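Chemist: Need coordinates for the below:
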Amino acid sequence: MPVYTYRCENCGVQFERQQKFSDQPLTRCPECSKKSLRKVYQPVGIVFKGSGFYATDHRSPSGAGRSGNGKSDHETKASKSDSSSSGTGSSSD
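Modeler: Numbering: from 1, shown residues only. Here you go, the predicted model:
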């Protein structure tokens, strides 16, 4: 059964109550006995796990996916090292 948090708008008392989904929400404060109770809605922490989520996939800086250009990671790394080494040769002048 879920636990709901209630707060009285009159006296400010806050408490938790375990209730069924089918139970009616509480309206009368146990401290001041006035009908000024409201449910307190709190944010729920959500963690996305597994592949397919941006936070866990670490998208490449170029925006291309892993198989977006049809080359494997090994072929991509090899072509990057070839292009960087070809431009660093010294000239014999």
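Chemist: which residues of the chain score low on pLDDT?
Modeler: Filtered on pLDDT under 70, the chain yields the residue ranges 50-93.
Chemist: For it, just list every one of the strands.
Modeler: 3-8, 14-18, 37-40 (DSSP state E).
Chemist: Would you convert those into a markdown table that also reports distance to Arg28?
Modeler: All C-beta atoms are positioned from the backbone trio N, CA, C, and that covers glycine. A markdown table is the format used below for those (distance: least, Cβ to Cβ, whole Å):
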| stretch | distance to Arg28 |
| --- | --- |
| strand 3-8 | 9 |
| strand 14-18 | 12 |
| strand 37-40 | 7 |
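Chemist: So for Phe48, which of those sits nearest?
Modeler: Among the strands of the chain, strand 3-8 comes nearest to Phe48, with 24.3 Å by Cβ to Cβ.
Chemist: Paired strands for that closest one, with orientation please.
Modeler: Sheet pairing for strand 3-8, assigned by DSSP bridges, gives strand 14-18 (antiparallel), strand 37-40 (antiparallel).
Chemist: Check the gap between the closest residue to Phe15 other than its chain neighbours and Lys35 for me.
Modeler: For Phe15, the nearest residue in space outside its immediate sequence neighbours is Tyr6; the separation is 5.9 Å by Cβ to Cβ, 6 or more residues apart in numbering. Using Cβ to Cβ, to the nearest Å, we find Tyr6 at a distance of 12 Å from Lys35.
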